[in-house]
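Asks: give me coordinates for this.
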Amino acid sequence: MSFDRSRTHLWRPYTQMRHAAPPLEAVATQGSRIVLADGRELVDGIASWWTAVHGYNHPHIGAAVADQLARMPHVMFGGLTHQPAEQLAARLAALLPGDLDHVFLSDSGSVAVEVALKMAVQMWLNRGVSGRTKVLGFRGGYHGDTMGAMSVCDPEEGMHRRFGAYLPTQIFCDLPRTQAETGALDATLAAHHETLAAVIVEPLVQGAGGMRMHPPEVLANVARLARRHGLPLVADEIFTGFGRTGTLFACEQAGIVPDILCLSKALTGGTIALAATIARTEVFAAFWSDDPAAALMHGPTFMANPLACAAANASLDLFETEPRLAQARAIEARLAAGLEPLRRVPGVADVRVLGAIGAVQFAQAPDLAALKARLLDRGVWVRPFGDIVYLTPALTIGAADLDRLIEAITFVVAEGVSAAS
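Replies: Now for the predicted structure:
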């Protein structure tokens, strides 16, 4: 088999390279717009994989990063510290509920989950309890692309099912939306109690699993059952954190305090890669020891990168000084009004809206390439996947641009979408 080497130097994400159309070349961004090399300007409907909550090129974040770049772009975090990281950790601890006070900084959402899983397993080992190596996850869940994170993604419908024989074997349940599912979860936790280290959940929205939403009561139920069985709860807020669901953190809506919480994506306002795994004091205390082997043995080379910490601090400034949560609620109202009529269109199975998230689910998975092409023709950048087309725009998006996104989706859905072959 021969390759066109000019097209394959860059190996692209989630892409069958043999059949993929050439990617579009972006040359500039501003606000909610992406400018292409051919001169086209697209309205971005997904905020660069849900990260650019303040829009692109916010001057406050840019100035903070430029200032930090001039002084110290990076320094190793082993044995050293710096003010941007110290400030960020203190601010996150103050914003998060309860005693989520202990912040471990890494460089991607998947790594944040890996660290959380390691924390949970080692917590038991440090307490002198062996055999607790399994994690209970939920069907429809997605937690990242690294090994431990893949193992707690949906094993049957998720994108990593090919790796089943290679991954650690975990325990899975349905989210407890009904009394029967609540009973099943309770029974599963009891049956596997001696081998489970933790429960992991995406609060309110299973993002990459299909924008599947559940009410706060379901999340509260998960937390209650984890607590009943003495298991730490890991909340993966990599997608939902920083206003996406209408509150700063999705866990707030259920009134719960997870034992470990993972953040990334919008942490820096979509500027530079950064992630955080934050633990409650009880978890942290299991590592506080005279024994060097009881330390958390993890340390990404670029953890707590000063540029990224400066961007994150600037992003938090904007949540304090600009009305992001009110903007998220306004987007929710506009998405609901604009997308709800599509529920009556033949071939549409469901319409879901929560905060600044809107999803239209098809009865059958559509021809994604054709759907993307039609959306591009309408001047918008939207990446449907599976059986949904969705919007997760910047919280700062203007009304005209948001309406353009809604109108583009309405148009392509209403004209009919052929099923994937």
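
Asks: in the stretch 1-150 of the chain, which spans are strands?
Replies: Counting by DSSP state E, counting those that start in this stretch, the stretch 1-150 of the chain has strands at residues 26-30, 33-36, 41-44, 100-106, 134-138.

Asks: and what of the stretch 301-421 of the chain?
Replies: Under the criterion DSSP E, counting those that start in this stretch, the stretch 301-421 of the chain contains strands at 348-354, 357-362, 380-381, 388-391.

Asks: adding mean neighbour count and distance to residue 299, write those strands out as CSV.
Replies: C-beta coordinates here come from the backbone N, C-alpha and C atoms, glycine included. Output for the strands of the stretch 301-421 of the chain, formatted as CSV (neighbours: other C-beta atoms under 10 Å; distance: least, C-beta to C-beta, whole Å):
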stretch, mean neighbour count, distance to residue 299
strand 348-354, 19, 36
strand 357-362, 24, 34
strand 380-381, 24, 36
strand 388-391, 24, 36
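
Asks: quick check: which of those strands is nearest to residue 292?
Replies: strand 357-362 (44.4 Å; C-beta to C-beta).

Asks: so where's the stretch 301-421 of the chain shaky on pLDDT?
Replies: For the stretch 301-421 of the chain, applying pLDDT under 70 flags the ranges 417-421.

Asks: which of the strands of the stretch 1-150 of the chain is buried the deepest?
Replies: strand 134-138 (a mean of 24; mean count of other C-beta atoms under 10 Å).

Asks: tell me what that strand is packed against?
Replies: In terms of contacts (3 or more C-beta pairs under 8 Å, 6 or more residues apart in numbering; DSSP states H and E), strand 134-138 is packed against strand 171-173, strand 196-201.

Asks: ok now it, how far from the chain's centre?
Replies: 18 Å (C-alpha atoms, centre = their mean, to the nearest Å).

Asks: with stretch 16-33 instead?
Replies: That offset, for stretch 16-33, works out to 21 Å (C-alpha atoms, centre = their mean).

Asks: same question for stretch 208-216.
Replies: 12 Å.

Asks: all helices of the stretch 1-150 of the chain, in order?
Replies: 5-8, 47-50, 59-71, 83-95, 109-126, 147-151 (DSSP state H, counting those that start in this stretch).

Asks: related to what we said a few turns ago, could you redo the strands of the stretch 301-421 of the chain as JSON lines and give each row distance to residue 412?
Replies: JSON lines is the format used below for the strands of the stretch 301-421 of the chain (distance: least, C-beta to C-beta, whole Å):
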{"stretch": "strand 348-354", "distance to residue 412": "12"}
{"stretch": "strand 357-362", "distance to residue 412": "10"}
{"stretch": "strand 380-381", "distance to residue 412": "10"}
{"stretch": "strand 388-391", "distance to residue 412": "8"}
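
Asks: relative to residue 316, which of the helices of the stretch 1-150 of the chain is closest?
Replies: Proximity to residue 316 (C-beta to C-beta) singles out helix 83-95 among the helices of the stretch 1-150 of the chain, at 5.5 Å.

Asks: so that closest one versus helix 59-71, what angle?
Replies: Angle of helix 83-95 versus helix 59-71, following axes from the mean of the first three to the mean of the last three C-alpha atoms, to 10 degrees, is 140 degrees.

Asks: leaving out the residues flanking it, which one is nearest to residue 301?
Replies: Spatially, and ignoring its direct neighbours in sequence, residue 301 is nearest to residue 76 (7.5 Å; C-beta to C-beta, 6 or more residues apart in numbering).

Asks: ditto for residue 277
Replies: Closest to residue 277 by C-beta to C-beta, 6+ apart is residue 115, at 4.2 Å.

Asks: got any ranges where this protein has weak pLDDT?
Replies: For the chain, applying pLDDT under 70 flags the ranges 1-3, 5-6, 417-421.

Asks: most centrally placed residue in it?
Replies: With distances taken as C-alpha atoms, centre = their mean, residue 239 lies nearest the centre of the chain, 2.3 Å away.

Asks: who's in contact with the residue nearest to it when sequence neighbours are not counted?
Replies: Nearest non-adjacent residue to residue 239, counting by C-beta to C-beta, 6+ apart: residue 207, 3.9 Å away. Neighbouring residues of residue 207 by C-beta atoms under 8 Å, 6 or more residues apart in numbering: 50, 142, 239, 240.

Asks: list the contacts for the last one?
Replies: Under the criterion of C-beta under 8 Å, 6+ apart, the neighbours of residue 240 are 202, 203, 204, 205, 207, 249, 250.

Asks: from residue 121, how far off is it?
Replies: Look at residue 240 and residue 121: by C-beta to C-beta, to the nearest Å, they are 24 Å apart.
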